[in-house]
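Chemist: sequence first, then the predicted structure:
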Amino acid sequence: MKTALDTTTNTNTFSLIFDDFKQITKAGLAFSVVFSSIAGYLLGAETFSWKVLLLLAFGGYFMVGASNAFNQLIEKDLDALMKRTQNRPIPSGRMSVNVAFTIAITFTILGVITLYVVNPKTAMFGAISIFLYTCVYTPLKTKTPLAVFVGAFPGAIPFMLGWVAATNEFGIEPGTLFMIQFFWQFPHFWAIGWLLDEDYKRAGFKMLPTGEKDKATANQIIMYTIWMLLASVFPVTGLTGSLTLSVPAAVIIFLMGIGMLVFAFRLYQKRDNKSARALMLASVSYISLMQIVYVVDKFLS
């Protein structure tokens with residue numbers, strides 16, 4: 001006969017397994033990627049389809065989950081050296097390499113199949129994203145700061161992936177969405193790299209463009225923030241095909257970008273972790289709010 005203690009133990013065990021599953025697939029990051037993909041879909045879709053939207057959401061989650069599982073498999077020994085990651089499922093010993101590998105392979109297959117049902121181009125870009133993140137970006141992190149540049153490619157795919165899922169076409173419109181999120185990657189991840197520089201150095205990761213928390217790194221953060229801002233408002237020119245942006249929406253996005261630029265300049269002036277954290281949080285707010293403004297503008301225009 002089961003006792004209350006047995007039930008509690010089973011519940012706690014399931015909770016721990018579920019938490020490890022969320023960690024190995026980085027559920028929080030996966031949901032932010034799904035959010036970007038859905039925003040891209042809503043911008044590209046002429047007629048709304050719940051079926052496509054759900055397939056895109058699940059496919060996007062599988063895609064990101066696979067990339068992160070492979071990443072943690074490859075970096076398991078390095079993760080054990082960093083305070084931030086030493087309690088992850090594999091380095092902590094809570095999850096075996098075989099289980100993590102099974103999750104990674106299963107998610108890869110499910111992701112590609114799910115996105116292929118949407119359309120072949122969407123599956124192709126999903127597969128490219130997994131490949132670049134796992135086979136190029138991850139190994140480069142201990143070799144060169146250019147890893148962030150390489151990692152910006154798979155990181156920029158989700159926003160445009162939604163458009164491709166809606167239209168089965170790749171042109172100026174998804175290309176523009178790609179460039180917005182591509183340039184955004186740099187201030188976002190360099191702010192994180194600045195904040196976690198000491199921890200990253202324990203594992204030999206080269207995440208900052210100059211390798212140091214200096215003015216040259218802050219300068220590059222400012223430069224890419226400006227490029228991000230220009231790319232974000234470019235559709236107001238009418239030169240991006242069916243991807244349009246009204247003047248009021250462009251003004252709102254421009255002001256949000258100026259706000260993020262202020263945080264970038266503050267990091268240049270102070271060069272401290274507090275400023276880096278503020279920029280990182282500002283970048284997270286910017287990318288989500290910018291996508292919401294785009295979607296709302298489409299339906300109001």
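Modeler: Now that the structure is in, tell me what you want to look at. Computed from a predicted structure; not experimentally measured. Residues are numbered from 1 along each chain as shown.

Chemist: could you chop this structure up by domain?
Modeler: What automatic domain parsing lists as the domains of the chain is 10-170, 171-301.

Chemist: in a markdown table: the ones you listed, plus mean neighbour count.
Modeler: Heads up, the C-betas are built off the backbone N, CA and C, glycines and all. Compiled in a markdown table, those are given as follows (neighbours: other CB atoms under 10 Å):
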| stretch | mean neighbour count |
| --- | --- |
| domain 10-170 | 19 |
| domain 171-301 | 18 |
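
Chemist: just send these back as a markdown table, with mean pLDDT too.
Modeler: Output for the domains of the chain, formatted as a markdown table (pLDDT from 0 to 100):
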| stretch | mean pLDDT |
| --- | --- |
| domain 10-170 | 92 |
| domain 171-301 | 95 |
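
Chemist: can you list contacts of the helix or strand encompassing Thr102?
Modeler: According to DSSP states H and E, Thr102 maps onto helix 97-118. Contact partners of helix 97-118, identified using CB atoms under 8 Å, 6 or more residues apart in numbering, comprise 21, 24-25, 52, 55-56, 58-63, 65-66, 69-70, 72-73, 76, 89-90, 122-123, 126-127, 130, 165.

Chemist: quick one: contacts for Met256?
Modeler: Counted by CB under 8 Å, 6+ apart, Met256 has contacts 286, 289-290, 293.

Chemist: er, Lys213 I mean
Modeler: So Lys213 contacts 194, 197, 271 (CB under 8 Å, 6+ apart).

Chemist: between those, which is closest to Asp297?
Modeler: Of all the contacts of Lys213, Asp297 sits closest to Trp194, with 32.8 Å by CB to CB.

Chemist: Leu267 is in contact with the closest one, correct?
Modeler: Yes: between Trp194 and Leu267 there is a contact under CB atoms under 8 Å: 7.2 Å.

Chemist: so what sits against both of those two?
Modeler: Ala276.

Chemist: under a three-state scheme, what state does Pro145 occupy?
Modeler: At Pro145 the chain is in coil, as set by DSSP: H, G, I helix; E, B strand; the rest coil.

Chemist: who's in contact with it?
Modeler: 206-211.

Chemist: possible to save the contacts of Lys213 as TSV with distance to Met82 and secondary structure?
Modeler: Converted to TSV, these look like this (distance: CB to CB, whole Å; DSSP: H, G, I helix; E, B strand; the rest coil):
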residue	distance to Met82	secondary structure
Trp194	15	helix
Asp197	11	helix
Arg271	22	coil
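
Chemist: do a quick rundown of the strands in the stretch 151-300 of the chain.
Modeler: Per DSSP state E, counting those that start in this stretch, the stretch 151-300 of the chain carries no strands over any range.

Chemist: tell me where it has helices.
Modeler: Using DSSP state H, counting those that start in this stretch, the helices assigned to the stretch 151-300 of the chain run over residues 172-195, 197-203, 215-233, 247-270, 273-300.
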